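Visitor: My questions are about this predicted structure, shown below with the sequence.
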Amino acid sequence: MCDSIVAAPSQTADGNSLYAKNSDRRGGECQPFVQFPAAFYPREARVQCTHLAIPQVAETFAVMGHSPWWVWGFEHGVNEHAVAIGNHTVFSKEPIEAQPGLIGMDLVRLGLERASTAREAVEVIAGLVERHGQGGAAVAPGDCGYHNSFVVVDAKEAWQLETSNRRWAARRVDLAAVSNHFSIGTDWEIGARDLKRFAVVEGWWSGDARLDVARAYRNPHVPAHVSEGRQRRAAELLASADERHDVASFARILRDHADGGPVWTGGDATPEDERYFTLCAHSEPVHGTTASVIAELPADPTLPWPVWISFGTPCTGIFLPVYLHGVVPPALARGVETPEPDSAWWVLTRLQEAAAGDPVASTPRLRAAWAELESDLEAERHEVEAAARASLESDTPDAAVSGLSAFMARCTDRALARATELVAAAS
């Protein structure tokens, strides 16, 4: 389960596209933030994805993203061309294919590695779905997998892409919230050649009118309240903003718990209730937020630009700036199935667990405790980015890489030290 929000340039304060996502997975599933450089490959090379090896392309772009510890791909991420992609489970009437294929997280990473624009990434993912299909464990080793939707964004535009096995449909979006159900109607702009024909043959569509993708393909047996309430809430928050959106407004949306605002109240809600499922998810045993991202996508990605990432629930943690122009600190990229004291994901998850006993009292204390550090890091960020730009303009790229890498390391060290103090104070 996951939720994405997107704002095209016409909807943002700085005129840059904004993309954000809460990755909602099983509690306790470590999701480190990893980085891979651009690379070239020989003819006939293949790439081993989570379950399937497929032909490799001649060149892949530099990428970074959150990746569950046992998965090859990304839940969400960005590439060197300022393209951002995230995926979501969707439930189709069409059974998932029995044979292993690509999973949604593989498709996110492959799209980022192979595309320089959002439209190109849509075409890359669609082509891979048609050729290789979808299938294989995606929630945990041994499960049967799921169909996927994607939000694909660059500096100029954003696309929503929905899939059902080897079929797909896509539309451009301007200000949108996407959750775990088909929501493209008759407004799809491009799609698989047999998208409508297959629905007609299966008896899901009459064939007389333009295909409504959601009405034809959405599985009616999956409870709607799990995702529809979250999508409606996110859309309301996007539409109700007093000013155009920025990173701060997107962070508030990712931390939202409906009536509780930034505080998860819990209460007497059960998984049968819509209010049990909030954007910042504490919805065990169904799902919980395990990692988040906010990306402001610049028109000129050759200059240093930050992506903000969070581990665990964003209401209890901090968004840290990271840069493809630098080297992500090992603590952010480290993490396996069992707890590790030098893994950022596990440290921030311990803090989340410490706050879970009394979230109404704990969450405001944590937000106040993080505020001073967030302010310090934001002030330093502008200075570091200015210095890195100057280094690039003076043709000393190594200095830019060194400065940004050192800044990320300082941010990480300070955040983990503060989190450790907060855990101790809560014990």
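Guide: Thanks, I have it.

Visitor: so which strand or helix has the spatially closest residue to Pro298 that is not a sequence neighbour?
Guide: Nearest residue to Pro298, sequence neighbours excluded (Cβ to Cβ, 6 or more residues apart in numbering): Trp305, at 4.7 Å. Any C-beta I mention is one placed from the backbone N, CA and C, and that applies to glycine too. Here Trp305 is covered by no helix or strand, with elements defined by DSSP states H and E.

Visitor: From His325, how far out is Trp305?
Guide: 8 Å (Cβ to Cβ, to the nearest Å).

Visitor: The two: which has the busier surroundings?
Guide: More neighbours surround His325 than the other of Trp305 and His325, with 24 against 21 (other Cβ atoms under 10 Å).

Visitor: Is the more buried one part of a helix or strand, or is it coil?
Guide: Taken by DSSP: H, G, I helix; E, B strand; the rest coil, the conformation at His325 corresponds to coil.

Visitor: Mind pulling up the pLDDT for it?
Guide: His325 carries a pLDDT score of 96 in this model.

Visitor: What of Gly142?
Guide: Reported pLDDT for Gly142: 67.

Visitor: likewise the one 3 residues further on?
Guide: Per-residue confidence at Gly145 stands at 85 (pLDDT).

Visitor: Test my guess that it contacts Gly136.
Guide: Yes. Counting by Cβ atoms under 8 Å, Gly136 is a contact partner of Gly145 at 5.0 Å.

Visitor: Which of the three states applies to the spatially closest residue to Leu320 that is not a sequence neighbour?
Guide: Closest residue to Leu320 apart from its sequence neighbours, by Cβ to Cβ, 6+ apart: Cys411 at 5.2 Å. Secondary structure for Cys411, judged by three-state DSSP, is helix.

Visitor: OK, contacts around Cys411?
Guide: By Cβ atoms under 8 Å, 6 or more residues apart in numbering, Cys411 lies in contact with Leu320, Pro321, Leu377.

Visitor: Tally up the residues packed near the closest residue to Arg167 other than its chain neighbours, please.
Guide: Using Cβ to Cβ, 6+ apart and skipping the chain neighbours, the partner closest in space to Arg167 is Ala192 (4.3 Å). Applying other Cβ under 10 Å, we find 19 residues neighbouring Ala192.

Visitor: what pairs with the host helix or strand of Ala291, and is each one parallel or antiparallel?
Guide: Using DSSP H and E, Ala291 sits within strand 287-297. Strand pairing for strand 287-297, determined by DSSP bridges: strand 17-25 (antiparallel), strand 282-283 (antiparallel), strand 307-311 (antiparallel).

Visitor: Mean neighbour count, these: which tops it?
Guide: Compared across those, strand 17-25 shows the largest average neighbour count, a mean of 28 (mean count of other Cβ atoms under 10 Å).

Visitor: Could you give me the buried positions within whichever helix or strand comes after it?
Guide: Using DSSP H and E, the helix or strand that follows strand 17-25 in sequence is strand 33-36. By neighbour count with 16 or more other Cβ atoms under 10 Å, strand 33-36 contains the buried residues Phe33, Val34, Gln35, Phe36.

Visitor: which helices and strands sit right next to strand 33-36?
Guide: For strand 33-36, the packing partners by 3 or more Cβ pairs under 8 Å, 6 or more residues apart in numbering; DSSP states H and E come out as strand 63-66, helix 330-333.

Visitor: what about 6 Å?
Guide: strand 63-66 (3 or more Cβ pairs under 6 Å, 6 or more residues apart in numbering; DSSP states H and E).

Visitor: Quickly run through the sheet partners of the strand it packs on, with directions.
Guide: Sheet partners assigned to strand 63-66 using DSSP bridges are listed as strand 33-36 (antiparallel), strand 76-79 (antiparallel).

Visitor: Any idea how far that strand is from the middle of the chain?
Guide: Distance of strand 63-66 from the chain centroid (Cα atoms, centre = their mean, to the nearest Å) equals 10 Å.

Visitor: before we move on, what about stretch 385-393?
Guide: That offset, for stretch 385-393, works out to 28 Å (Cα atoms, centre = their mean).

Visitor: now swap in stretch 287-302 and tell me
Guide: 7 Å.

Visitor: In it, which residues are buried?
Guide: By neighbour count with 16+ other Cβ under 10 Å, stretch 287-302 contains the buried residues 287-298, 301.

Visitor: same deal with stretch 334-348?
Guide: By 16+ other Cβ under 10 Å, the buried positions in stretch 334-348 come out as Arg334, Gly335, Glu340, Ser343, Ala344, Trp345, Trp346, Val347, Leu348.

Visitor: before we move on, which element is the nearest residue to the third one once chain neighbours are set aside in?
Guide: What that stands for is Glu340. Leaving aside its chain neighbours, Glu340 sits nearest to Trp346 (5.3 Å; criterion: Cβ to Cβ, 6+ apart). Using DSSP H and E, Trp346 falls within helix 344-355.

Visitor: Packing partners of that helix?
Guide: strand 307-311, helix 397-426.

Visitor: Please identify the most buried of these.
Guide: Among the helices and strands packed on helix 344-355, judged by mean count of other Cβ under 10 Å, the one packed with the most neighbours on average is strand 307-311 (a mean of 26).

Visitor: On the C-terminal side of that one, identify the next helix or strand.
Guide: strand 320-322.

Visitor: Sheet partners, orientation included, of that next one?
Guide: Partners of strand 320-322 in its sheet, by DSSP bridges: strand 307-311 (antiparallel).

Visitor: now the partner strand: how far from the chain's centre is it?
Guide: Centroid separation between strand 307-311 and its chain, computed with Cα atoms, centre = their mean, is 10 Å.

Visitor: what sits up against that strand?
Guide: Outside strand 307-311, the residues within contact range by Cβ atoms under 6 Å, 6 or more residues apart in numbering are 33, 78, 291-295, 317, 319-322, 344-345, 348.

Visitor: run the last query once more with 8 Å
Guide: If you take Cβ under 8 Å, 6+ apart as the criterion, strand 307-311 is touched by 31, 33, 64, 66, 78, 247, 251, 254, 290-296, 317-324, 332, 344-345, 347-349.
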